[in-house]
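Participant: I'll drop the sequence and a predicted model, then ask my questions.
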Amino acid sequence: MNKAIRRVSIVAALMILALLVNSTLNYTFRTQSLLDEPDNRRVADSQFNSPRGPILAGNTAIAESVPVQGNRFSLQRQYPQGALYAPVTGYFSYIYGSSGLERSRNQALSGNDDSQFLTRLINGLSGKQTEGATVQTTINQKAQQAAWSALGGRTGAAIAIDYTTGAILAWTSTPSYDPSQLSSTDLAATQQAWNTLTSDPAQPMLDRATQNIYPPGSTFKLITAAAALENGMTPDTLVDSPVTLPLPDSTRSLPNAVNCGGDRITIDHALTVSCNTAFANVGMTLGADKLRAMAQKFGFDSSLGGDANPVQSTFPDNPTKAELAMSSIGQFEVAATPLQMAVVSAAIANNGALMEPYVVSQVRDQNLSVLQSHSPVVHANPISSDTAGSLQKMMVDVVQSGTGTSAQITGDTVGGKTGTAENLPGASDYSWFSGFDKQSHVAVCVFLANPNEPGDGTAHGNATPAARTILEALR
């Protein structure tokens with residue numbers, strides 16, 4: 001063999017080696033990213049036309065694949081009671097991808113999860129098509145419907161949690177949408193539905209329970225009170241509660257929305273009547289670092305964990321004294337999801353243990369074998385059991401004789417905190433309620449962007465009676 005042929009052979013061998021190395025690396029390290037690539041139409045065609053597993057609430061499918069005819073697809077994703085469960089399921093669309101559990105549990109639902117490898121292998125050898133796994137949620141159907149009815153078509157959200165485990169029992173957001181509009185095999189209709197939904201000023205596709213943050217108003221006083229008790233104060237500690245409080249280094253004053261009952265009152269009474277000036281003074285006494293540290297222990301500025309994937313709630317960095325006073329009552333730049341404020345009450349009710357919130361209890365294959373199962377996880381212990389016990393009593397006082405009396409349930413020990421938060425200038429104030437029921441072990445949070453907004457006629461009033469409706473459904 002002459003020298004030229006040898007050189008060509010070496011170059012050819014090196015090129016083949018490089019091709020093999022590149023193929024091996026792509027298969028080993030890039031397979032999943034290539035499969036997840038939105039422009040990979042082969043994967044989209046395969047997944048959209050495969051028997052995708054159902055998502056269940058109880059024994060009821062809230063997302064399922066059904067046969068269709070008349071085009072190149074033989075299956076179509078449908079969402080019975082679609083708007084009711086949209087924040088949980090999300091959508092599965094040929095054009096626009098997926099969201100919610102359809103996205104976070106896509107590998108299991110499509111049958112491509114590593115835990116389903118053996119099933120895929122056996123089915124492949126037998127010529128049988130692999131069906132996607134079943135995703136079992138923690139949603140309680142009765143509570144979900146109660147939350148939907150309690151919101152009554154008004155803009156807002158509601159979350160209910162089993163505070164002993166972190167299981168999400170209700171997860172609603174209104175206005176909502178039907179994900180079936182986006183999963184249609186009529187792609188022109190899908191595109192039209194997308195354009196209509198995304199251009200709607202009411203933002204029906206926005207999950208207000210977990211994907212947007214709002215000023216929590218006086219519900220944040222639970223965290224201010226927790227910080228006070230953890231730093232040497234007691235429910236009976238007296239604090240200044242003037243009718244108006246001049247804000248330091250500012251021309252503004254903070255007023256009270258209620259008669260606080262005197263110029264010096266206990267922290268317990270301040271929470272019962274929701275006294276702004278008292279809690280502003282408590283916050284300024286504690287200082288920004290201690291208040292921020294307590295907020296962060298409850299989950300602000302970080303992930304809550306679990307599979308709900310909420311956006312982070314926030315507490316401001318380096319506030320001035322005036323800003324700290326406003327932050328202490330849940331204003332200025334304090335912002336939280338309804339899930340976050342439900343978690344705050346849940347941790348208090350659970351004697352200081354903050355359970356990781358989750359919505360998927362099990363994943364089962366087509367033979368009903370359990371592939372994954374969730375066990376409750378303690379995410380944090382933001383407060384001591386003694387502090388939690390004191391706060392529980394204070395929250396019960398709010399419901400028994402304070403601003404939250406419309407949350408009372410005969411025979412149950414209900415505690416809570418109401419909240420009113422300033423919105424944009426000229427807009428209605430936000431209405432909040434965060435609380436718990438000791439008999440059912442449920443924590444709840446209801447948020448209404450405008451409690452007086454015309455709804456569907458099934459609900460009225462602020463967030464507090466809406467929370468009671470949800471708690472009653474879980475008794």
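Facilitator: Perfect, I can see it now. Computed from a predicted model, the values in this text were never measured in an experiment. Residues are numbered from 1 along each chain as shown.

Participant: ok, and the closest non-adjacent residue to the residue nearest the centre of the chain?
Facilitator: Closest to where the C-alpha atoms of the chain average out (C-alpha atoms, centre = their mean) is residue 210, at 3.1 Å. Residue nearest to residue 210 in three dimensions, not counting chain neighbours: residue 310, with 3.9 Å by C-beta to C-beta, 6 or more residues apart in numbering. Where C-beta positions appear, they are placed from N, C-alpha and C, glycine not excepted.

Participant: same deal with residue 421?
Facilitator: residue 217 is the one closest to residue 421 (C-beta to C-beta, 6+ apart), at 3.1 Å.

Participant: over to residue 85?
Facilitator: Per C-beta to C-beta, 6+ apart, closest to residue 85 is residue 62, 4.3 Å.

Participant: quick revisit: can you pull the pLDDT of the residue nearest to residue 210?
Facilitator: Residue-level confidence at residue 310 comes out at 96, pLDDT.

Participant: I'd say it and residue 339 touch.
Facilitator: Yes - with contact defined as C-beta atoms under 8 Å, residue 310 counts as touching residue 339 (5.0 Å).

Participant: which one of these two is surrounded by more residues?
Facilitator: A direct count of neighbours by other C-beta atoms under 10 Å for residue 310 and residue 339 places residue 339 higher, at 27 against 24.

Participant: the more buried one contacts residue 359, correct?
Facilitator: No - contact criterion C-beta under 8 Å: residue 339 and residue 359 do not qualify, at 10.4 Å.

Participant: identify the contacts common to the two.
Facilitator: residue 308 (C-beta atoms under 8 Å, 6 or more residues apart in numbering).

Participant: tell me how the chain divides into domains.
Facilitator: 3-36, 37-137, 217-473 (automatic domain parsing).

Participant: between those domains, which one is nearest to residue 152?
Facilitator: domain 217-473 (2.6 Å; C-beta to C-beta).

Participant: before we move on, back to that, most tightly packed of the domains of the chain?
Facilitator: domain 217-473 (a mean of 21; mean count of other C-beta atoms under 10 Å).

Participant: how long is stretch 78-92 from one end to the other?
Facilitator: 9 Å (C-alpha to C-alpha, to the nearest Å).

Participant: what residues does that stretch touch?
Facilitator: Taking C-beta under 8 Å, 6+ apart as the rule, stretch 78-92 contacts 48, 52, 55, 57, 60-66, 77, 98-103, 137, 139, 144-145, 148, 171-173, 176-183, 205, 207, 209-210, 359.

Participant: now with 6 Å, please.
Facilitator: 55, 62-64, 66, 77, 98-103, 148, 171, 173, 176-180, 182-183, 207, 209 (C-beta atoms under 6 Å, 6 or more residues apart in numbering).

Participant: run a quick neighbour tally on residue 141.
Facilitator: Neighbours around residue 141, by other C-beta under 10 Å: 18.

Participant: ok, it to residue 152 distance?
Facilitator: 19 Å (C-beta to C-beta, to the nearest Å).

Participant: which parts of the stretch 101-250 of the chain are strands?
Facilitator: 134-137, 156-162, 168-174, 238-240, 244-246 (DSSP state E, counting those that start in this stretch).

Participant: mind exporting stretch 238-256 as CSV, just the C-alpha atoms?
Facilitator: C-alpha atoms of stretch 238-256 as CSV (Å, rounded to 0.1, in the frame of the first residue of the first chain):
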residue,chain,number,x,y,z
LEU,A,238,-47.8,45.3,75.1
VAL,A,239,-47.0,47.4,72.0
ASP,A,240,-47.8,50.9,71.0
SER,A,241,-50.9,51.2,68.8
PRO,A,242,-51.6,54.8,68.0
VAL,A,243,-54.5,55.8,65.7
THR,A,244,-51.9,56.8,63.1
LEU,A,245,-48.2,56.1,63.0
PRO,A,246,-45.9,58.7,61.3
LEU,A,247,-43.5,56.7,59.2
PRO,A,248,-39.8,57.4,60.0
ASP,A,249,-38.0,59.7,57.5
SER,A,250,-41.2,60.0,55.5
THR,A,251,-44.0,62.6,55.1
ARG,A,252,-46.6,59.8,55.2
SER,A,253,-48.5,58.2,58.1
LEU,A,254,-49.8,54.7,58.5
PRO,A,255,-53.5,54.7,59.7
ASN,A,256,-55.5,51.9,61.3
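
Participant: for the protein, what helix or strand is lowest in average pLDDT?
Facilitator: helix 31-36 (a mean of 55; mean pLDDT, DSSP states H and E).

Participant: what's the distance between the residue nearest to residue 85 and residue 10?
Facilitator: Separation of residue 62 from residue 10 (C-beta to C-beta): 61 Å.

Participant: and residue 161, which of the domains of the chain is closest to it?
Facilitator: Once these are compared by C-beta to C-beta, domain 217-473 is nearest, at 4.9 Å.

Participant: tell me who's in contact with the residue nearest to residue 210.
Facilitator: 210, 304, 337, 339.

Participant: wait, what's in contact with the third one?
Facilitator: If you count contacts by C-beta under 6 Å, 6+ apart, residue 337 has them with 210, 213, 310, 313.

Participant: rerun that using 7 Å as the cut-off
Facilitator: 209, 210, 212, 213, 310, 311, 313 (C-beta atoms under 7 Å, 6 or more residues apart in numbering).

Participant: how about the first one?
Facilitator: The neighbourhood of residue 210, defined by C-beta under 7 Å, 6+ apart, consists of 308, 310, 337, 339.

Participant: where does the chain dip in pLDDT?
Facilitator: 1, 23-47, 115, 117-130, 424-427 (pLDDT under 70).

Participant: which residue packs closest to residue 86, ignoring adjacent ones?
Facilitator: Spatially, and ignoring its direct neighbours in sequence, residue 86 is nearest to residue 176 (4.9 Å; C-beta to C-beta, 6+ apart).

Participant: any idea how many residues pack against the one you found?
Facilitator: 22.
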